[in-house]
Structures are given as C-alpha cells and as structure tokens.
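Peer 1: Got a sequence here, can you model it:
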Amino acid sequence: MPRLARLDAPGLLQHVIARGIERKEIFRDDADRKSFVGRLGEVLTETKTECLAWVLVPNHIHLLLRTGSTPLSRIMKRLLTGHAVYFNKRHQRSGHLFQNRYKSVICEEDPYLLELVRYIHLNPLRAGMVKDLTELDRYPWSGHSAIVGLNKNDWQEVEEVLLHFSKKKGKARRNYRMFVEDGIRQGSRPDLKENRVSKGECKEDSDSRILGNSGFIERVLKDANEIDRTRKRKGRIPLGELVQRISEILEVDKKDLLSGDRRSQMSRARSVISYVAVREMGYSGVDVGRILNLSGAGVAKCVEKGKRIISADESLTGKLIS
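Peer 2: Presented below is the predicted three-dimensional model:
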C-alpha cells in the first residue's frame, strides 16, 4: 500500500521522529549530540519554529514542534542532511545515516500537548539510559532538564510548558516534575504514536498522520490541502529557470539536456528536474513534458526516478534546498 503524503500546516503541533537507517546509531558520543543540538537550535531559530519537547536517543530523535511559515519538510531536510554530512565526515563513513522518511504526526493540542511532552522526555528512562528521575533531571540531551531548570536552551519553549502547571515558576516546575513522575508507570503509550479510532467513530474518520478527534482531522486535512496548493504556486520559480539551476548543480549542459541526449547524466538531470517541478513546485506533467520534450508517461517515470535519486543523495538534497 503506498504511503500517504506528509501533511504540513503552520501553527499546528507536530510530533516528529527520525530514526537511523536499519536502527543504527546516529549519535556515537557527546560530540555528535552537541553538534546536533547546536544545529537544531540554529535551524529552529532561523525558521521561527517552536520546540516544546525533544530528546536524543542513540538511534533516533523525537521533536515536538509548532511550525511557522517554513514547511516542516524544509526544516527536517536542513537538520537531517546537515547532521548526516557532519557524522559521515567525522566518523569516516559513507551512505545513508537516516531512514528515507522521518515520521510526523499532527497533534490536537488540548488533549495531547502535555502528554507528548511527558512521553518524549521519558524516553531515556524507558530506554534504560538513565536509572531514575533524578538522573533524567540532569540528562543534557533532552528538553526535560531545561524545564526543571537544570539546563538552558534559548530556542526551547520552556515558559509555555510551565504555564500549564502554574504562573509561579517554582511551583510550575515542581508540578511538571510530579506530572512526569506519574507517567513513568504508563509504559510506552502506543496511543500517542498513532491515531486510534475512538468508540463511536468509523475508520473513515481516522488518519494515521493526525492525532485528534474526527472534527480536528477534517479541519487539518482541508487546511493542509489548501495550504499545499497555495505554497506550491507562490514559491515556485519559472520552469526555464528551474532547468537552468538544476543543470548547473548537476553540471550538465542545458542544451544537451533539452535536446533529448540519452546519456545517463542527462537522464538523471531530467529525472531530478521532473521530480522537483511536479512534486515540490506543483507544475503539471504536461508543462514539464513540454519543456523537457517528454511524453506524459515519460514525465511520470522521471518523477519516480528523481525521487529515488534525491532520497539516495543527501548532499544533492542539501544543494537543492539551499
């Protein structure tokens, strides 16, 4: 069954999980973790993205984000590609570091915000990385230590979380910590990982990309579709300019590219152009086929091939989104 496209809508809470390929480590030591956290802070600050919870585990990360005008996909590409390049260079390795797709779930705030903050921040304890809550309080690679006041991250929305517990900071921290302690015995909380159909709701009301009731799901789907269409139209550049840019990035001659040259590097370039133009910019296959001298079926094949090429080449992804 084909995977559903990711949803994105500014101002909504999103639980994001990125795992190492084949569940391998993405952090080998504190230097790796420090580099990632520094990059995370820079990206979130530059894109004005709010972070309410986060944690680094050896082979995956959890983030609880509220995006602004910058799409989540762009934020994650910068974050994951940057760390992969750093990690591979530092540890003298090559190839993929992350699974091709990070997971993101849009969450309804009122019932889930605090539950997700607690769930994410308890990861090191559930994984046996710390032995108790006291050690978790001082664990530097999660947002929990900042909320209890033992660490500081200027880019983390600590105050927003604390205000849910009290207007007085000291009392809020104590109440938050008790709330986290109460969650220890709850276990892995599968209900927070995906949407479960509630009693009285039908499966058609459910969507694995959204955690919330049927009314919330309906609103998100409607808004996300409208935003996606508008974003693609507003943000796209003329097709001719796109062809020129990608030709330069891939170091191919634009004239040869448009002439139908069948060399492998030309086929690769046409595939990348087709994918970016159709999937990222919202151009029709007809428009792309007209400029690249391809049939509709040819464009469709190029789009799928381009997707594989971009997924397999993290450095290329970085160039295309810069």
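Peer 1: can I assume residue 105 is in contact with residue 209?
Peer 2: Yes - under the criterion of C-beta atoms under 8 Å, residue 105 lies in contact with residue 209, with a separation of 6.2 Å. The C-beta positions use only the backbone N, C-alpha and C, and glycine is treated the same way.
Peer 1: These two: which has the busier surroundings?
Peer 2: Regarding residue 105 and residue 209, a neighbour count based on other C-beta atoms under 10 Å identifies residue 105 as having more, with 23 against 20.
Peer 1: Wasn't that one part of a strand?
Peer 2: Yes - checked against DSSP: H, G, I helix; E, B strand; the rest coil, residue 105 lies within a strand.
Peer 1: Distance of it relative to residue 63?
Peer 2: Residue 105 is 11 Å from residue 63, where distance means C-beta to C-beta, to the nearest Å.
Peer 1: what do the two both touch?
Peer 2: Shared contacts of residue 105 and residue 63, defined by C-beta atoms under 8 Å, 6 or more residues apart in numbering, are found at 14-15.
Peer 1: From the centre of this structure, point out the most distant residue.
Peer 2: Relative to the mean C-alpha coordinate of the chain, counting by C-alpha atoms, centre = their mean, the farthest residue is residue 259 (37.6 Å).
Peer 1: Just list the residues touching that one, thanks.
Peer 2: With contact taken as C-beta under 8 Å, 6+ apart, residue 259 is in contact with residue 293.
Peer 1: burial measure for residue 240, as a count.
Peer 2: Other residues near residue 240 come to 11 when the count uses other C-beta under 10 Å.
Peer 1: er, residue 298 actually
Peer 2: Residue 298 sits with 16 neighbouring residues when counted by other C-beta under 10 Å.
Peer 1: so what's it closest to, chain neighbours aside?
Peer 2: Nearest in space to residue 298, with sequence neighbours left out and distances taken as C-beta to C-beta, 6 or more residues apart in numbering, is residue 289 at 6.7 Å.
Peer 1: And the one you found, how far from residue 237?
Peer 2: From residue 289 to residue 237 the distance is 18 Å (C-beta to C-beta).
Peer 1: Sketch out the low-pLDDT regions of the stretch 201-322 of the chain for me.
Peer 2: Counting by pLDDT under 70, the stretch 201-322 of the chain shows low-confidence ranges at 201-207, 223-236, 314-322.
Peer 1: what does the stretch 51-200 of the chain give?
Peer 2: Under the criterion pLDDT under 70, the flagged ranges of the stretch 51-200 of the chain are 193-200.
Peer 1: in it, which spans are helices?
Peer 2: Using DSSP state H, counting those that start in this stretch, the helices of the stretch 51-200 of the chain run over 72-90, 109-121, 123-126, 133-138, 144-147, 158-162, 169-182.
Peer 1: Those helices: which one's closest to residue 38?
Peer 2: With respect to residue 38, and counting by C-beta to C-beta, the nearest of the helices of the stretch 51-200 of the chain is helix 72-90 at 10.1 Å.
Peer 1: which ones are touching the residue nearest to the spatial centre of the chain?
Peer 2: The chain has residue 76 as the residue nearest its centroid, 4.1 Å off, counting by C-alpha atoms, centre = their mean. Residue 76 sits next to 16, 18, 102, 104 when contact means C-beta under 8 Å, 6+ apart.
Peer 1: And the second one, what's its pLDDT?
Peer 2: With respect to pLDDT, residue 18 scores 95.
Peer 1: three-state assignment of it?
Peer 2: Bear in mind the rule, three-state DSSP; under it residue 18 is strand.
Peer 1: which residues does it bridge with?
Peer 2: Assessed by DSSP bridges, residue 18 has beta-bridge partners residue 61.
Peer 1: Let me see the contact set for it.
Peer 2: Residue 18 sits in contact with 26, 60-61, 76, 80, 98-99, 102-103, where contact means C-beta under 8 Å, 6+ apart.
Peer 1: Apply 6 Å and report the result again.
Peer 2: 61, 80, 98, 102 (C-beta atoms under 6 Å, 6 or more residues apart in numbering).
Peer 1: Among the helices of the stretch 51-200 of the chain, which comes closest to residue 249?
Peer 2: Residue 249 lies closest to helix 72-90 among the helices of the stretch 51-200 of the chain, at 14.5 Å (C-beta to C-beta).
Peer 1: list the buried ones in the closest one?
Peer 2: The neighbour-count criterion (16 or more other C-beta atoms under 10 Å) identifies 72, 75-84, 86-88 as the buried residues of helix 72-90.
Peer 1: go on, stretch 151-169?
Peer 2: Residues of stretch 151-169 classed as buried under the neighbour-count rule (16+ other C-beta under 10 Å) are 151, 153, 155-158, 161-162, 165.
Peer 1: what about residue 126, neighbour count?
Peer 2: Burial measure for residue 126: 16 neighbouring residues, criterion other C-beta under 10 Å.
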